[in-house]
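**Student:** No sequence on hand, only this structure:
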(Lines give C-alpha, C1' and ligand atoms only; values in the text may rest on other atoms or scores of the structure.)
Protein backbone atom coordinates (compact mmCIF):
# COMPACT_ATOMS: atom_id res chain seq x y z
CA UNK A 1 0.00 0.00 0.00
CA UNK A 2 2.68 2.49 1.03
CA UNK A 3 4.58 1.50 -2.12
CA UNK A 4 1.63 2.68 -4.23
CA UNK A 5 1.46 5.95 -2.34
CA UNK A 6 5.23 6.42 -2.52
CA UNK A 7 5.21 5.87 -6.28
CA UNK A 8 2.48 8.51 -6.79
CA UNK A 9 3.88 11.07 -4.34
CA UNK A 10 7.61 10.38 -3.86
CA UNK A 11 8.95 11.75 -0.58
CA UNK A 12 5.58 13.16 0.49
CA UNK A 13 5.01 12.97 4.26
CA UNK A 14 1.62 14.27 5.46
CA UNK A 15 1.16 15.66 8.96
CA UNK A 16 -2.64 15.46 9.11
CA UNK A 17 -5.03 12.82 7.80
CA UNK A 18 -8.52 14.17 7.09
CA UNK A 19 -11.64 11.97 6.87
CA UNK A 20 -14.50 13.62 4.99
CA UNK A 21 -18.05 12.64 5.97
CA UNK A 22 -21.42 12.78 4.21
CA UNK A 23 -21.86 15.88 2.06
CA UNK A 24 -18.40 17.22 2.91
CA UNK A 25 -16.34 15.51 0.22
CA UNK A 26 -16.02 18.81 -1.64
CA UNK A 27 -13.31 19.89 0.80
CA UNK A 28 -10.93 17.82 -1.30
CA UNK A 29 -11.17 20.65 -3.86
CA UNK A 30 -9.46 22.93 -1.33
CA UNK A 31 -6.35 20.74 -1.35
CA UNK A 32 -3.46 21.63 -3.64
CA UNK A 33 -3.21 18.06 -4.80
CA UNK A 34 -0.06 16.14 -5.61
CA UNK A 35 -1.80 12.82 -6.23
CA UNK A 36 -5.28 11.30 -6.14
CA UNK A 37 -5.54 7.54 -5.63
CA UNK A 38 -8.79 5.52 -5.68
CA UNK A 39 -9.24 3.34 -2.59
CA UNK A 40 -9.50 0.33 -4.90
CA UNK A 41 -5.79 0.67 -5.69
CA UNK A 42 -4.81 0.61 -2.01
CA UNK A 43 -4.70 -2.66 -0.10
CA UNK A 44 -6.92 -2.82 3.01
CA UNK A 45 -8.72 0.44 2.19
CA UNK A 46 -12.52 0.23 2.42
CA UNK A 47 -15.08 -0.16 -0.30
CA UNK A 48 -17.37 2.85 0.18
CA UNK A 49 -21.05 2.09 -0.31
CA UNK A 50 -22.65 5.48 0.40
CA UNK A 51 -23.24 7.69 -2.64
CA UNK A 52 -21.70 10.84 -1.15
CA UNK A 53 -18.42 9.10 -0.26
CA UNK A 54 -16.15 9.18 -3.33
CA UNK A 55 -13.65 6.63 -2.05
CA UNK A 56 -10.31 8.18 -2.94
CA UNK A 57 -7.18 9.41 -1.19
CA UNK A 58 -6.04 12.94 -2.04
CA UNK A 59 -2.47 13.86 -1.13
CA UNK A 60 -1.36 17.47 -1.11
CA UNK A 61 -1.27 20.69 0.89
CA UNK A 62 -3.71 23.05 2.57
CA UNK A 63 -1.65 26.18 3.05
CA UNK A 64 1.75 24.99 4.30
CA UNK A 65 0.35 21.82 5.89
CA UNK A 66 0.86 18.50 4.09
CA UNK A 67 -2.34 16.45 4.29
CA UNK A 68 -3.75 13.08 3.31
CA UNK A 69 -7.48 13.48 2.67
CA UNK A 70 -9.68 10.39 2.79
CA UNK A 71 -12.62 11.36 0.62
CA UNK A 72 -15.21 9.11 2.21
CA UNK A 73 -15.38 6.35 4.80
CA UNK A 74 -17.04 2.95 5.17
CA UNK A 75 -19.57 2.51 7.99
CA UNK A 76 -20.31 -0.31 10.40
CA UNK A 77 -23.84 -0.66 9.02
CA UNK A 78 -22.62 -1.42 5.49
CA UNK A 79 -21.17 -4.87 6.22
CA UNK A 80 -21.49 -5.28 9.97
CA UNK A 81 -17.78 -4.65 10.55
CA UNK A 82 -16.67 -2.03 13.06
CA UNK A 83 -13.09 -2.18 11.76
CA UNK A 84 -13.87 -1.13 8.18
CA UNK A 85 -11.42 1.78 8.40
CA UNK A 86 -8.61 -0.10 10.15
CA UNK A 87 -6.40 -0.45 7.08
CA UNK A 88 -6.82 3.19 6.09
CA UNK A 89 -6.16 4.58 9.57
CA UNK A 90 -3.09 2.42 10.08
CA UNK A 91 -1.82 3.45 6.65
CA UNK A 92 -2.13 7.10 7.66
CA UNK A 93 -0.07 6.44 10.79
CA UNK A 94 2.45 4.56 8.68
CA UNK A 95 2.80 7.54 6.34
CA UNK A 96 3.81 9.69 9.30
CA UNK A 97 0.57 11.51 10.09
CA UNK A 98 0.44 12.78 13.66
CA UNK A 99 -3.21 13.89 13.73
CA UNK A 100 -6.51 12.53 12.42
CA UNK A 101 -9.03 15.28 11.60
CA UNK A 102 -12.51 13.83 11.14
CA UNK A 103 -15.78 15.26 9.87
CA UNK A 104 -19.29 13.86 9.86
CA UNK A 105 -22.93 14.73 9.40
CA UNK A 106 -24.90 14.40 12.64
CA UNK A 107 -28.26 14.95 14.27
CA UNK A 108 -28.52 17.65 16.91
CA UNK A 109 -29.88 16.84 20.36
CA UNK A 110 -29.90 20.52 21.32
CA UNK A 111 -32.41 23.12 20.19
CA UNK A 112 -29.70 25.80 20.48
CA UNK A 113 -27.64 23.91 17.87
CA UNK A 114 -29.84 23.90 14.74
CA UNK A 115 -29.16 22.29 11.36
CA UNK A 116 -26.20 23.96 9.68
CA UNK A 117 -24.27 24.31 12.96
CA UNK A 118 -20.78 22.82 13.34
CA UNK A 119 -19.79 21.16 16.61
CA UNK A 120 -16.30 20.19 17.70
CA UNK A 121 -16.44 16.81 19.43
CA UNK A 122 -15.07 16.97 22.97
CA UNK A 123 -15.82 13.31 23.82
CA UNK A 124 -17.95 10.42 22.63
CA UNK A 125 -20.29 7.67 23.82
CA UNK A 126 -20.17 4.29 22.07
CA UNK A 127 -23.82 3.16 22.19
CA UNK A 128 -23.37 0.28 19.72
CA UNK A 129 -21.85 -2.45 21.87
CA UNK A 130 -19.19 -3.12 19.23
CA UNK A 131 -15.56 -2.06 18.91
CA UNK A 132 -13.10 -2.04 15.98
CA UNK A 133 -10.54 -3.74 18.20
CA UNK A 134 -12.60 -6.91 18.67
CA UNK A 135 -10.39 -9.84 17.74
CA UNK A 136 -7.07 -8.01 18.13
CA UNK A 137 -4.17 -10.27 19.04
CA UNK A 138 -3.44 -10.60 22.74
CA UNK A 139 -1.25 -7.86 24.14
CA UNK A 140 -1.42 -4.46 25.76
CA UNK A 141 -2.09 -2.69 22.43
CA UNK A 142 -5.69 -3.93 22.48
CA UNK A 143 -6.31 -1.96 25.70
CA UNK A 144 -6.42 1.64 24.48
CA UNK A 145 -6.68 4.60 26.89
CA UNK A 146 -9.60 6.74 25.72
CA UNK A 147 -9.18 9.62 28.17
CA UNK A 148 -8.77 12.78 26.07
CA UNK A 149 -9.52 10.76 22.95
CA UNK A 150 -10.24 14.10 21.27
CA UNK A 151 -7.08 16.07 21.95
CA UNK A 152 -7.98 19.00 24.27
CA UNK A 153 -5.41 21.33 22.71
CA UNK A 154 -6.68 20.63 19.19
CA UNK A 155 -10.29 21.01 20.33
CA UNK A 156 -9.49 24.44 21.75
CA UNK A 157 -7.48 25.33 18.65
CA UNK A 158 -10.45 24.47 16.41
CA UNK A 159 -12.80 26.55 18.57
CA UNK A 160 -10.32 29.44 18.56
CA UNK A 161 -10.06 29.30 14.76
CA UNK A 162 -13.86 29.37 14.55
CA UNK A 163 -14.04 32.47 16.76
CA UNK A 164 -11.32 34.19 14.75
CA UNK A 165 -13.28 33.56 11.56
CA UNK A 166 -16.68 34.57 13.00
CA UNK A 167 -18.03 31.03 12.70
CA UNK A 168 -20.49 30.01 15.43
CA UNK A 169 -19.14 26.63 16.49
CA UNK A 170 -20.32 24.56 19.45
CA UNK A 171 -18.55 21.80 21.33
CA UNK A 172 -20.10 18.70 22.82
CA UNK A 173 -20.41 14.94 23.14
CA UNK A 174 -21.11 12.73 20.11
CA UNK A 175 -22.95 9.42 20.53
CA UNK A 176 -22.46 6.60 18.03
CA UNK A 177 -25.46 4.49 16.97
CA UNK A 178 -25.11 1.64 14.48
CA UNK A 179 -27.56 2.84 11.83
CA UNK A 180 -28.58 2.66 9.08
CA UNK A 181 -32.07 3.28 10.48
CA UNK A 182 -32.40 6.58 12.26
CA UNK A 183 -32.89 6.55 16.02
CA UNK A 184 -36.26 6.38 17.71
CA UNK A 185 -37.46 9.29 19.87
CA UNK A 186 -37.03 7.03 22.92
CA UNK A 187 -33.42 6.34 21.98
CA UNK A 188 -32.79 10.05 21.58
CA UNK A 189 -34.30 10.73 25.01
CA UNK A 190 -31.93 8.09 26.40
CA UNK A 191 -28.98 9.68 24.59
CA UNK A 192 -29.81 13.11 26.03
CA UNK A 193 -30.04 11.60 29.50
CA UNK A 194 -26.59 10.08 29.00
CA UNK A 195 -25.20 13.52 28.17
CA UNK A 196 -24.94 13.44 24.38
CA UNK A 197 -25.23 16.57 22.26
CA UNK A 198 -25.14 15.04 18.77
CA UNK A 199 -25.84 11.63 17.26
CA UNK A 200 -24.36 9.88 14.26
CA UNK A 201 -23.35 6.60 12.61
CA UNK A 202 -19.57 6.97 12.25
CA UNK A 203 -16.39 8.56 13.64
CA UNK A 204 -16.11 6.66 16.93
CA UNK A 205 -14.49 3.50 15.47
CA UNK A 206 -11.98 5.63 13.57
CA UNK A 207 -11.15 7.52 16.75
CA UNK A 208 -10.51 4.26 18.61
CA UNK A 209 -8.29 2.99 15.78
CA UNK A 210 -6.43 6.29 15.61
CA UNK A 211 -5.74 6.36 19.33
CA UNK A 212 -4.44 2.79 19.16
CA UNK A 213 -2.12 3.88 16.34
CA UNK A 214 -0.83 6.84 18.37
CA UNK A 215 -2.59 9.57 16.40
CA UNK A 216 -4.10 12.63 18.02
CA UNK A 217 -7.75 13.20 17.05
CA UNK A 218 -9.89 16.26 16.43
CA UNK A 219 -13.36 16.01 14.91
CA UNK A 220 -16.09 18.32 13.64
CA UNK A 221 -19.75 17.33 13.26
CA UNK A 222 -22.08 19.27 10.98
CA UNK A 223 -25.65 19.24 12.24
CA UNK A 224 -27.93 18.29 9.35
CA UNK A 225 -31.16 17.76 11.30
CA UNK A 226 -32.70 17.77 14.75
CA UNK A 227 -32.68 14.25 16.15
CA UNK A 228 -35.89 12.19 16.28
CA UNK A 229 -38.58 13.58 18.55
CA UNK A 230 -37.16 17.09 18.94
CA UNK A 231 -39.28 18.35 16.05
CA UNK A 232 -41.92 16.88 13.74
CA UNK A 233 -39.58 16.84 10.72
CA UNK A 234 -39.18 13.61 8.74
CA UNK A 235 -35.67 12.18 8.71
CA UNK A 236 -33.89 10.85 5.63
CA UNK A 237 -30.48 10.61 4.00
CA UNK A 238 -31.42 13.03 1.23
CA UNK A 239 -32.18 15.68 3.85
CA UNK A 240 -28.79 14.99 5.43
CA UNK A 241 -27.02 15.53 2.12
CA UNK A 242 -29.04 18.62 1.21
CA UNK A 243 -28.31 20.41 4.49
CA UNK A 244 -24.67 19.29 4.42
CA UNK A 245 -24.23 20.70 0.91
CA UNK A 246 -25.86 23.99 1.93
CA UNK A 247 -23.73 24.42 5.04
CA UNK A 248 -20.54 22.79 3.78
CA UNK A 249 -18.96 26.14 2.88
CA UNK A 250 -18.85 27.09 6.55
CA UNK A 251 -17.20 23.82 7.54
CA UNK A 252 -14.77 23.96 4.63
CA UNK A 253 -13.75 27.47 5.71
CA UNK A 254 -13.22 26.23 9.27
CA UNK A 255 -11.15 23.20 8.18
CA UNK A 256 -9.09 25.25 5.77
CA UNK A 257 -8.29 27.90 8.40
CA UNK A 258 -7.44 25.21 10.97
CA UNK A 259 -5.10 23.38 8.61
CA UNK A 260 -3.47 26.58 7.33
CA UNK A 261 -2.53 27.42 10.92
CA UNK A 262 -1.72 23.87 12.02
CA UNK A 263 1.51 23.77 14.02
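**Tutor:** Received, thanks. Source: prediction; values computed, not measured.
**Student:** lowest-pLDDT helix or strand in this protein?
**Tutor:** The weakest-scoring helix or strand in the chain, judged by mean pLDDT, DSSP states H and E, is helix 237-260 (a mean of 84).
**Student:** Could you pull out the strands in the protein for me?
**Tutor:** Taking DSSP state E as the criterion, the chain contains strands spanning 16-19, 32-38, 56-62, 65-71, 99-108, 118-126, 170-176, 198-200, 216-226.
**Student:** Not counting its neighbours along the chain, what's nearest the spatially most central residue of the chain?
**Tutor:** The centre of the chain sits closest to residue 102, judged by CA atoms, centre = their mean, with a distance of 2.8 Å. Spatial nearest neighbour of residue 102, chain neighbours left out: residue 219 (4.0 Å); criterion: CB to CB, 6 or more residues apart in numbering. Heads up, the C-betas are built off the backbone N, CA and C, glycines and all.
**Student:** I'd say the one you found and residue 122 touch.
**Tutor:** No - using CB atoms under 8 Å, residue 219 is not in contact with residue 122; the gap is 9.4 Å.
**Student:** more neighbours, these two?
**Tutor:** Higher neighbour count among residue 219 and residue 122: residue 219, with 29 against 19, using other CB atoms under 10 Å.
**Student:** do you know how far that one is from residue 92?
**Tutor:** When distance is defined by CB to CB, to the nearest Å, residue 219 is 15 Å away from residue 92.
**Student:** rewinding a little: could you dump the strands of the chain to a markdown table with mean pLDDT and distance to residue 135?
**Tutor:** Listed next are the strands of the chain as a markdown table, based on pLDDT from 0 to 100; distance: least, CB to CB, whole Å:
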| stretch | mean pLDDT | distance to residue 135 |
| --- | --- | --- |
| strand 16-19 | 98 | 23 |
| strand 32-38 | 96 | 28 |
| strand 56-62 | 97 | 26 |
| strand 65-71 | 97 | 23 |
| strand 99-108 | 96 | 22 |
| strand 118-126 | 98 | 17 |
| strand 170-176 | 98 | 19 |
| strand 198-200 | 98 | 24 |
| strand 216-226 | 96 | 22 |
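**Student:** what about those, which gets the closest to residue 246?
**Tutor:** Of all those, strand 216-226 sits nearest to residue 246, with 9.2 Å by CB to CB.
**Student:** what angle separates that closest one from helix 237-260?
**Tutor:** Strand 216-226 runs at 150 degrees relative to helix 237-260, counting by axes from the mean of the first three to the mean of the last three CA atoms, to 10 degrees.
**Student:** what pLDDT does the residue lying closest to residue 246 once chain neighbours are set aside get?
**Tutor:** Closest residue to residue 246 apart from its sequence neighbours, by CB to CB, 6+ apart: residue 116 at 6.9 Å. If you check residue 116, the pLDDT there is 93.
**Student:** going forward can the numbers begin at 40, since that is how I track them
**Tutor:** Noted, 40 is the first residue going forward, which turns the last one into residue 155.
**Student:** okay, now residue 155: neighbour count?
**Tutor:** Neighbours of residue 155 (other CB under 10 Å): 17.
**Student:** Could I get the phi/psi values of it?
**Tutor:** phi 100, psi -10 (degrees, to the nearest 10).
**Student:** what's near enough to touch it?
**Tutor:** 261-262, 282, 285-286, 289 (CB atoms under 8 Å, 6 or more residues apart in numbering).
**Student:** Mark which of those are buried, thanks.
**Tutor:** For those, a neighbour count by 16 or more other CB atoms under 10 Å gives the buried set as 261-262, 282, 286, 289.
**Student:** Name the nearest of those residues relative to residue 80.
**Tutor:** Taking the buried ones among the contacts of residue 155 together and measuring to residue 80 by CB to CB, the closest member is residue 261, at 29.1 Å.
**Student:** ok now do the closest one, which residues does it touch?
**Tutor:** Each residue near residue 261 by CB under 8 Å, 6+ apart is listed here: 60, 62-63, 142-145, 155-158, 282-283, 286-287, 290.
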